[in-house]
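Student: the following comprises the amino acid sequence and a computationally predicted model.
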Amino acid sequence: MITVDELRGIRIFAPLPQEALEYLVGAVEDIHLVPGEYFAHEGDERALFVVVEGGAEITKVVNGEERVIGVRAPGRFFGEVPMTLSTPFPASGRAAEASRILKLDVTAFYTLAAMAPSIPARVAGLARRYLDSLQELAAEQPETDLRLIGPRLDAGTHQVATFLTRNQVAFERVTLDAAVAGETYPVLERADGSRFAAPSMREVAVAAGLDVEPSATDYDVVILGAGPAGLTAAVNGAAEGLRTVVIESLAPGGQAGTSTRIENYTGFPFGISGDELASRALKQAKRLGAEIVVTRTVEAIRPHGDRHEIVLDGGETLRAPVVIAATGVEWRTLPVPAVERFLGNGVYYGAARSDAAIAKGADVCIIGAGNSAGQAAIFFSRHARSVTMLVRGPSLEASMSRYLIDQIGANAGIRVETRREVVDLHGDRVLEAVDVVDKDSGTVGRRDVTVVFVMIGADAVTGWLPHDIARDEHGFILTGADAAATAEWTADRRPFALETSTPGIFAVGDVRSGSVKRVAAGVGEGGMAIAFVHQYLALQRTEAPA
């Protein structure tokens, strides 16, 4: 606990009267930090920090990279901008060495300000200088090593752009009004002059500098899938010292990564987009030491007692005592003729914020009645000329949260049509129109629609798993008590709550039978899984022969 004498040794507090210093002794938090430990994060609620001993670094993510934008020596403080403007922190603060820092929350600061008006005046003056430096950073043009060239409605260009965006790779987008005769799209150019025409996702990943090869063959935990559940497991596993690798077939975020807005995730009072949530989790997992390997698929799992084998595409084999299946689900396809021909050229499964350019000025149709469909309708109504939701059932109430139904009802830019289904698609190279049937009357009408987002539910794709891992009639993986009740479970103990019918293999998130299909639930299961992993590994150690 700080003392009055110590406070007098800090320049900003030295002139304060005894009464104010005595108040501060009981009001401030006296924080001791190890090197690299954060005391404030960008976006946190406002507070004022004063460095007593050691030193602090002020960091900010600029063009996708965390940069040190300032330092604070003893006697200096941080938080002047939030306190002056009543805003969250515009940057983060961490200890550059072993440090001691005082924290004044809002109540303490304004109580002190009433006792000593010189304090807020000094803070406001420093805030103006700090804002000038932030404006310079904001004016910097992003430096990118990649340039993506292709027509606006080209399926391949959309696929590459989505891949780069979801993997948090900065790139320059060059959109062509029309394709150049004889040219193959998309074209990906690197700053070093290398050029790729119609590259595969693996080639794109390599060009972007993403990891496509695991750095080792033996791990403590191999996580399959980088959705919210998988990334949370990676964060917890790496943080707790487990050598952790995540194998992802496309990009981090899973289905949540394509959600335009998640309004009911605790801790974000104004909501957060799926790609932003995935971005934060990805940065956190990497910072803590988890490996994230993309564009790789798992072809087989070979259970082997205390060390399982995971076979990747190409035959590469990883070994680990624990496997966590977090593969999620895949969107159901639209059952109409020629739908494959329009994928990426007017028909899209799921919807992300990065799809705003596709919807801009267009007549958009959203097929589905779940929360994802509702969030997409609200988001695209800000960009599209019109948004129409086609709902197979009689209403939205059976499958959508009330808050979304109310928002849609109050939005004049969204039209909801119930008992409707798309039965055909029309167009030459791109989508131009759809046929919609009225299920009550049986009549079919053609609509001039150029953009269709399909969100009609999802299925677990688990047919590739070994028969040792039991699944329910819909392909979702059985865990816990359900797994124990199957013939596949032969161990002489009860499985852990998230353990499958094969000891040491766990399942979390949407792919798990009986799971709650919500982001918060997946995050919770990802964290729980690592707790069970520790218990499982401890059990293995006690059972190992001496």
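Tutor: Arrived safely, thanks for sending.
Student: how distant is the helix ranked longest in the chain from the center of its chain?
Tutor: For the chain, the longest helix by residue count, based on DSSP state H, is helix 519-543. Computed by Cα atoms, centre = their mean, to the nearest Å, the chain-centroid distance of helix 519-543 equals 21 Å.
Student: for stretch 44-51, same thing?
Tutor: The answer for stretch 44-51 is 27 Å, by Cα atoms, centre = their mean.
Student: picking that back up, which other helices and strands does the longest helix of the chain contact?
Tutor: Applying 3 or more Cβ pairs under 8 Å, 6 or more residues apart in numbering; DSSP states H and E, we find helix 519-543 packed against helix 228-239, strand 322-325, strand 505-507. Where C-beta positions appear, they are placed from N, C-alpha and C, glycine not excepted.
Student: what angle sits between it and helix 228-239?
Tutor: 40 degrees (axes from the mean of the first three to the mean of the last three Cα atoms, to 10 degrees).
Student: state the mean pLDDT of helix 519-543.
Tutor: Helix 519-543 comes out with an average pLDDT of 93.
Student: can you check stretch 447-455 too?
Tutor: The model assigns stretch 447-455 a mean pLDDT of 94.
Student: distance between the ends of that stretch?
Tutor: Stretch 447-455 has an end-to-end distance of 19 Å (Cα to Cα, to the nearest Å).
Student: buried ones in it?
Tutor: The neighbour-count check on stretch 447-455 (16 or more other Cβ atoms under 10 Å) flags 449, 450, 451, 452, 453, 454, 455 as buried.
Student: who's in contact with the residue lying closest to the second one once chain neighbours are set aside?
Tutor: Using Cβ to Cβ, 6 or more residues apart in numbering and skipping the chain neighbours, the partner closest in space to residue 450 is residue 362 (5.1 Å). Remark: with contacts taken as Cβ atoms under 8 Å, 6 or more residues apart in numbering, residue 362 is in contact with 384, 385, 450, 451.
Student: what residue lies at the spatial centre of the protein?
Tutor: residue 278 (0.8 Å; Cα atoms, centre = their mean).
Student: wait, which of the helices and strands packed on helix 519-543 is closest to residue 313?
Tutor: Closest to residue 313 of the helices and strands packed on helix 519-543, according to Cβ to Cβ: strand 322-325, at 16.5 Å.
Student: give the other helices and strands that the closest one contacts.
Tutor: So strand 322-325, by 3+ Cβ pairs under 8 Å, 6+ apart, packs with strand 221-224, strand 308-312, strand 505-507, helix 519-543.
Student: if you set the cut-off to 7 Å instead, what comes out?
Tutor: strand 221-224, strand 505-507, helix 519-543 (3 or more Cβ pairs under 7 Å, 6 or more residues apart in numbering; DSSP states H and E).
Student: how about the strands in the stretch 201-350 of the chain?
Tutor: Assigned by DSSP state E, counting those that start in this stretch, the strands in the stretch 201-350 of the chain fall at 221-224, 244-247, 291-293, 298-302, 308-312, 317-320, 322-325, 330-331, 347-349.
Student: ok, of these, where does mean pLDDT dip lowest?
Tutor: strand 330-331 (a mean of 90).
Student: and the residue lying closest to residue 170 once chain neighbours are set aside, how far from residue 201?
Tutor: Distances taken as Cβ to Cβ, 6+ apart place residue 144 nearest to residue 170, at 4.7 Å, with adjacent residues excluded. Separation of residue 144 from residue 201 (Cβ to Cβ, to the nearest Å): 19 Å.
Student: next: residue 177.
Tutor: Distance from residue 177 to residue 201, counting by Cβ to Cβ: 26 Å.
Student: may I see the buried residues of stretch 35-46?
Tutor: 39, 40, 46.
Student: ditto for stretch 237-256
Tutor: For stretch 237-256, by 16+ other Cβ under 10 Å, it's 237-239, 242-248, 250-256.
Student: also stretch 509-520?
Tutor: 509, 510, 511, 512, 513, 515, 518, 519.
Student: what's the closest of the residues you listed to residue 71?
Tutor: residue 519 (37.2 Å).
Student: isn't that closest one right up against residue 263?
Tutor: No. Using Cβ atoms under 7 Å, residue 519 is not in contact with residue 263; the gap is 10.6 Å.
Student: helices of this protein, start to end?
Tutor: Taking DSSP H to define them, one finds helices in the chain at 4-8, 18-27, 80-85, 106-115, 118-138, 155-166, 201-207, 228-239, 274-287, 356-359, 371-380, 402-409, 480-484, 519-543.
Student: among the ones you listed, which comes closest to residue 337?
Tutor: Nearest to residue 337, of the helices of the chain and by Cβ to Cβ, is helix 155-166 at 17.9 Å.
Student: what residues does that closest one touch?
Tutor: For helix 155-166, contacts defined as Cβ atoms under 7 Å, 6 or more residues apart in numbering pick out 146, 148, 150-151, 171, 173, 185-186, 188, 198, 201, 204, 208, 250-253, 257, 275, 278, 343-345, 352, 354.
Student: in this structure, what helix or strand scores lowest on average pLDDT?
Tutor: Every helix and strand of the chain was ranked by mean pLDDT, DSSP states H and E. The lowest is helix 118-138, at a mean of 65.
Student: for the contacts of residue 362, give me JSON lines that also has distance to residue 324.
Tutor: Shown next, in JSON lines, are the contacts of residue 362 (distance: Cβ to Cβ, whole Å):
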{"residue": "384", "distance to residue 324": "39"}
{"residue": "385", "distance to residue 324": "44"}
{"residue": "450", "distance to residue 324": "41"}
{"residue": "451", "distance to residue 324": "36"}
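Student: pick the one among those closest to residue 67.
Tutor: Among these, and counting by Cβ to Cβ, the member closest to residue 67 is residue 384, at 36.6 Å.
Student: and that closest one, how many neighbours?
Tutor: Counted with other Cβ atoms under 10 Å, residues neighbouring residue 384 total 24.
Student: am I right that it is in contact with residue 358?
Tutor: No. The criterion here is Cβ under 7 Å, and residue 384 misses it with residue 358 at 9.3 Å.
Student: next up, the contacts around residue 288.
Tutor: 235, 238, 239.
Student: can you tell me the closest non-neighbouring residue to the last one?
Tutor: Nearest residue to residue 239, sequence neighbours excluded (Cβ to Cβ, 6+ apart): residue 288, at 4.8 Å.
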